[in-house]
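Participant: What follows is a predicted protein model with its sequence.
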Amino acid sequence: MPCLNEKETVQTCVRKALSWLERSGRAGEVIVVDNGCTDGSPELAAAAGARVLFEPVPGYGSALRRGFVEARGEWLVMGDADDTYAFDELDALIKPLEDGTDMAVGNRFAGGIAPGAMTWSHRYIGTPLISSLLRLFTGLKVGDSQCGLRAFTRDALQRLDLQTDGMELASEMILKAARRGLKVADVPVPYAERLGEAKLNTFRDGWRHLRFLLLASPNYMFTVPGAVLTLLGIAIQAAALGDDTIEIGDWTWQPVFAGSIFVIVGINALLLGLTSRLYTSSRGITNEDAIVRFYNRYLGFEVFIAGGAIMVILGLGLDLLLLLADPGNLNISIAAVAQMLIVVGANAVLVGALAGLLEDPDEKKRVRARS
Ligand SMILES: Nc1nc2c(ncn2[C@@H]2O[C@H](COP(=O)(O)OP(=O)(O)OP(=O)(O)O)[C@@H](O)[C@H]2O)c(=O)[nH]1
Ligand SMILES: [Mg+2]
């Protein structure tokens, strides 16, 4: 139980959990992790029979991860210390683990939310928004991605390799469970109104979740929009080279720079998508996919630097040709292509330099040893 100033409720939570342990005949311990209480709740928790730990790094995720590391059990249950979850009734939550599931996630929408327990903005906007992003990114059917009551095996914990410090840990667990192929169960759990003050800040913590999810999904952030823009740009540029005009009603548009702008931004997004994937896969946030494997095996930052330099030279060469051909009657569309080559090439050189910093040298050795 992560606990930040919950003096009204922490003892009840500890007692409920201990009573469930005793009733179910399971050997276990109740751990409360404090990282900055000022209201005496750690002392109260200890008096109620909990093992109390102190974690110096602040945050919900940081406190939970500390508890996970120190826990001695084979199975772990996490839950808030604000008496919103029924710690005295954990049979249903544990049941899937008995059947070989790796992680059970509570679902408050299915289990019943007491009046006043969840603000309407969390109930109808925040939680559904984060849950639908998680469903989109993982394909996993999660009913309540923000439920704080969960159970999982020690083996699942090791495979999850959790790293975040804040409330976004709740999303990190689901995202990584899906990416590591863990078996996840959805268990209806009731949710009661909390006593004491909320520690969650809707905007700060909501943004932490969103930021984590977006960073962990470079394909949705960069690769897909980048590919769409690049293709659109090539199509528009081809039309411009053919001197085509696009007519909508009375309005005529002869694209001159639009195509090259789209290609520049699109390729930039693709380059950033690749570097983000190098970064997230070396940090274990995303799995190594075919493109990252291809990069590690056949490419490397040197290829980007060399390829970018060649594009810059081609662009400059094209400029020179245009200038020599007929400086008075410049073909603007071809000139746009030349400038596009220079900008894209220069970007590729810069991104190549960045990729050189992000590359995991050991990974390259491993890939070469395998091949
Ligand atoms: N140790 C520690 N515990 C925290 C921290 N932030 C929150 N908690 C605890 O984590 C649990 C969840 O926080 P809550 O404020 O209940 O968040 P919530 O359940 O999403 O929202 P409300 O219950 O509506 O406030 C509670 O037991 C808090 O005391 C923290 O920085 N450190
Ligand atoms: Mg709570």
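Facilitator: Good, I have the coordinates. Residues are numbered from 1 along each chain as shown. Ligands and ions are numbered 1, 2, ... in the order given.
Participant: can you tell me which helix or strand residue 210 belongs to?
Facilitator: Using DSSP states H and E, the secondary-structure element containing residue 210 is helix 202-215.
Participant: per-residue pLDDT, residue 178?
Facilitator: pLDDT recorded at residue 178 is 90.
Participant: helices and strands around the helix or strand harbouring it, which ones?
Facilitator: Here residue 178, judged by DSSP H and E, is contained in helix 169-179. Applying 3 or more CB pairs under 8 Å, 6 or more residues apart in numbering; DSSP states H and E, one finds that helix 169-179 contacts helix 60-70, strand 103-107, helix 127-138, helix 154-160, strand 184-188, helix 202-215. Using the backbone N, CA and C atoms, a C-beta is placed for each residue, glycine as well.
Participant: Quick one: mean pLDDT for the fourth one?
Facilitator: Spelled out, it's helix 154-160. The predicted model assigns helix 154-160 a mean pLDDT of 95.
Participant: Give me the neighbour count for the residue nearest to residue 64 when sequence neighbours are not counted.
Facilitator: Nearest non-adjacent residue to residue 64, counting by CB to CB, 6 or more residues apart in numbering: residue 2, 5.3 Å away. By the criterion of other CB atoms under 10 Å, residue 2 has 27 neighbours.
Participant: so residue 2 makes contact with residue 80?
Facilitator: Yes. Counting by CB atoms under 8 Å, residue 2 touches residue 80, with 7.1 Å between them.
Participant: where does the stretch 151-300 of the chain come near ligand 2, residue by residue?
Facilitator: Residues of the stretch 151-300 of the chain lying near ligand 2 by CB under 5 Å from the ion: residue 194.
Participant: now do the stretch 1-150 of the chain
Facilitator: So far as CB under 5 Å from the ion goes, the stretch 1-150 of the chain lies against ligand 2 at 80, 82, 84.
Participant: wait, residue 141 sits on residue 186?
Facilitator: Yes. Residue 141 lies in contact with residue 186 (CB under 8 Å); the separation is 7.2 Å.
Participant: who has more neighbours, those two?
Facilitator: Neighbours were counted for residue 141 and for residue 186 using other CB under 10 Å; residue 186 has more, 18 against 11.
Participant: Now do the same for that one: its pLDDT.
Facilitator: For residue 186, the predicted pLDDT is 94.
Participant: surely it meets residue 111?
Facilitator: No. Between residue 186 and residue 111 there is no contact under CB under 8 Å: 10.1 Å.
Participant: isn't residue 151 right up against residue 75?
Facilitator: Yes. Using CB under 8 Å, residue 151 is in contact with residue 75, at 6.3 Å.
Participant: Of the two, which one has the most company?
Facilitator: When neighbours are counted by other CB under 10 Å, residue 151 comes out ahead of the other of residue 151 and residue 75, with 25 against 17.
Participant: Walk me through the domains of the chain.
Facilitator: Annotated domains of the chain cover 2-210, 218-370 [automatic domain parsing].
Participant: mind giving me JSON lines with the residues of the stretch 1-150 of the chain next to ligand 2 and columns for pLDDT, distance to residue 295 and neighbour count?
Facilitator: What follows is these, written out as JSON lines (pLDDT from 0 to 100; distance: CB to CB, whole Å; neighbours: other CB atoms under 10 Å):
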{"residue": "80", "pLDDT": "97", "distance to residue 295": "42", "neighbour count": "24"}
{"residue": "82", "pLDDT": "95", "distance to residue 295": "46", "neighbour count": "25"}
{"residue": "84", "pLDDT": "97", "distance to residue 295": "46", "neighbour count": "23"}
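Participant: near ligand 1 at all, stretch 125-133?
Facilitator: No. For stretch 125-133, no contact with ligand 1 is found by CB under 6 Å from any ligand atom; the gap never falls below 9.4 Å.
Participant: any idea of the mean pLDDT in that stretch?
Facilitator: 91.
Participant: before we move on, what about stretch 254-272?
Facilitator: Rounded mean pLDDT across stretch 254-272 is 88.
Participant: Up against ligand 1, what does the stretch 151-300 of the chain have?
Facilitator: Of all the residues in the stretch 151-300 of the chain, those lying near ligand 1 are 194, 198-200, going by CB under 6 Å from any ligand atom.
Participant: any idea which of these has the most stuff around it?
Facilitator: Ranking these using other CB under 10 Å puts residue 194 first, with 20 neighbours.
Participant: Which residue, other than its chain neighbours, is closest to it?
Facilitator: That would be residue 82: by CB to CB, 6+ apart, it lies 4.0 Å from residue 194.
Participant: which ones are touching that neighbour?
Facilitator: By CB atoms under 8 Å, 6 or more residues apart in numbering, the residues touching residue 82 are 6, 9, 13, 194-196.
Participant: Residue 285 and residue 217 touch, don't they?
Facilitator: No. Contact criterion CB under 8 Å: residue 285 and residue 217 do not qualify, at 9.2 Å.
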